[in-house]
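In: Structure of the sequence below:
(one chain, ligands or ions: 1)
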Amino acid sequence: MSSTPIVPHVTSEIGNLEAVILHTPGPEVENMTPGNAERALYSDILNLPVAIEEYQQLSGVLNKVSKTFQVKDLLTEILIDPDIKVSLVERICTHEKVLNIKEDLLSLNNKELAAQLIEGVALKRDSLTTFLSDERYALRPLHNFFFTRDASVTVYNQIMISKMANKVRERESIIMDAIFNYSPHFKTSIINPMNTWHVGTETFIEGGDVLIARDDILIIGNGTRTSTQGIDFLAEQIKTQKGKKHIVVQQLPESPESFIHLDMIFTLLDRDTCMIYEPLLRQENSYATILMTIENGVVKEISRQPGLLQCLKSLGMDLKPVPCGGTDLWQQEREQWHSGANFFAHGPGKLIGYARNVHTLEALNQAGFSIIKAADVISNKTDLSDYEKYVITIEGSELPRGGGGARCMTMPVRRSKVNW
Ligand SMILES: NC(=[NH2+])NCCC[C@H](N)C(=O)O
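Out: Sure thing, here's the model as predicted:
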């Protein structure tokens, strides 16, 4: 157990990473068939052993540069307290309308319970209804939990629990809420839309859409996963912060599913560089950019902007865009589909992304980033301190089929301040 709890603090997308929450994919990613993959929010079915090997490249690198936590360990640990165990199981069973399995769950040891809450609880075929049911699970597996980015977000010094747009991901938020409330590793206050009386069914907001660009600038995607009501909910919280804050809202297309979150078309790479999917962010299209300025607890201004990059420039963030997929439209579309724009920065100019997106990597290389293999970092063959700007590449033949990349698979709890 850690001696001093970590106080969450994130005021940028690029500050040196100090603590991050991860989840190594487990059986939950294979607990599906082609027939229900879409309901699981996957575009394909995954092979677990390959996915784990790829994932270990990500976690292996992060273990070298930051403190890392695993969701399953954090969850198992909070279940040691019998009151927390009962209240969490009750909350989940009530939420998912399966109070009949409560006692079975409570009889499990903590490790097994944590595993089942993530991997799914098989439906007992002990009644006519369950015998005839097409369902396999009483509690469905959390197929998407390895995308830890989405179910909770560190917003400055608080944790916002996400209000997920899809039922299949709601338990992830409930688990993250319990972790941040009870884990001895964190000391924080929590904003949870699910505990707020005026939040309606149309309010949803997910971490993949929330980018904290600078102390005073949030960039938020508005699409299938984050509604305008969800953004208004966050804006209400931002009103309690001191000083002037800008919320830049970028609308996203509803399809294909590779555009689910803003971080699939836009990520911040360095103080002055970003990754963009050009067809949506540089060319004429009908997806608006809107700027909300909040000062002293009120919305001072809301206006349509000529585009995301122009808007950020007007706020003093003049970013050089690197095009996902390079210059050719077909390559841009192919690589965006495989999370080619979804980079994670563990420090300014220190990136992690998929090795498969070669045109994107070529564009980054031309922009001055060295390309380094994760395996070489993990084996100490490469010393990262020899480089200033780099992309560490991880293998990704299976992971991107789940629908996300390095940013989606990381939930930063603490980053150091950026020297702008
Ligand atoms: N931050 C992200 N882009 N996360 C990607 C999540 C993908 C996941 N299959 C979903 O649909 O929810």
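In: What number of residues are in the vicinity of the residue of the stretch 251-400 of the chain found nearest the ligand?
Out: Closest approach between the stretch 251-400 of the chain and the ligand, counting by CB to the nearest ligand atom: H261, at 3.7 Å. Glycine gets a C-beta too; all of them are placed from N, C-alpha and C. Residues near H261, counting by other CB atoms under 10 Å, number 28.
In: List the contacts of it.
Out: D150, E206, G208, D209, G221, G223, R225, T226, L252, G404, C408 (CB atoms under 8 Å, 6 or more residues apart in numbering).
In: can we see that at 7 Å?
Out: Counting by CB atoms under 7 Å, 6 or more residues apart in numbering, H261 makes contact with E206, G208, D209, G221, R225.
In: Which residue is the nearest non-sequential neighbour of it?
Out: Spatial nearest neighbour of H261, chain neighbours left out: G208 (2.9 Å); criterion: CB to CB, 6 or more residues apart in numbering.
In: From the ligand, how far off is the one you found?
Out: G208 sits 2 Å away from the ligand, taking CB to the nearest ligand atom, to the nearest Å as the criterion.
In: Can you verify my assumption that that residue contacts T410?
Out: No - counting by CB atoms under 7 Å, G208 stays clear of T410, with 11.1 Å between them.
In: which residues are in contact with both of these two?
Out: Common neighbours of G208 and T410 (CB under 7 Å, 6+ apart) are R149.
In: Point out the residues in the chain that sit beside the ligand.
Out: 41-42, 144, 147, 149-150, 208, 260-261, 263-264, 402-404, 408 (CB under 6 Å from any ligand atom).
In: Can you pick out the most distant pair from the residues you listed?
Out: For those, the maximum inter-member distance is 17.7 Å, found between Y42 and D263 (CB to CB).
In: Of the two, give the one with the bigger neighbour count.
Out: Legend: neighbour count by other CB under 10 Å for Y42 and D263, higher for D263 (30 against 19).
In: if we can go back for a sec, is the residue nearest to H261 located within a helix, as I assumed?
Out: Yes - assigned with DSSP: H, G, I helix; E, B strand; the rest coil, G208 falls within a helix.
In: Assign the nearest residue to I378 once chain neighbours are set aside to helix, strand or coil.
Out: Of all residues beyond its chain neighbours, the one nearest I378 is G60 (4.1 Å), with distances taken as CB to CB, 6+ apart. State at G60, reduced to three classes by three-state DSSP: helix.
In: again with the one 3 residues further on
Out: Reducing the assignment to helix, strand or coil with three-state DSSP, the entry for N63 is helix.
In: so how many other residues sit close to it?
Out: By other CB under 10 Å, 14 other residues sit near N63.
In: gap between it and A122?
Out: Going from N63 to A122 by CB to CB, to the nearest Å gives 33 Å.
In: Same check on E333?
Out: 40 Å.
In: Let me see the backbone angles for the residue at the greatest distance from the centre of the chain.
Out: Residue farthest from the centre of the chain, counting by CA atoms, centre = their mean, is L128 at 40.0 Å. With angles defined as degrees, to the nearest 10, L128 sits at phi -60, psi -40.
In: ditto for I371
Out: phi -100, psi 120.
In: repeat for F369
Out: Dihedral angles (degrees, to the nearest 10) for F369: phi -90, psi 130.
In: Might you report the residue contacts of it?
Out: F369 sits in contact with L351, K389, Y390, V391, where contact means CB under 7 Å, 6+ apart.
In: rerun at 10 Å
Out: By CB atoms under 10 Å, 6 or more residues apart in numbering, the contact list for F369 reads 269-270, 273, 322, 343, 349-351, 353, 361, 363, 387-391.
In: Most neighbours among the residues you listed, which one?
Out: When neighbours are counted by other CB under 10 Å, G353 leads the contacts of F369 with 30 neighbours.
In: returning to that earlier point: out of the contacts of F369, which are inside strands?
Out: Counting by DSSP state E, these place L269, D270, T273, V322, K350, L351, G353, Y390, V391 in strands.
In: Show me what the third one is bridged to.
Out: With DSSP bridges applied, T273 shows beta-bridge pairing to D270, K320.
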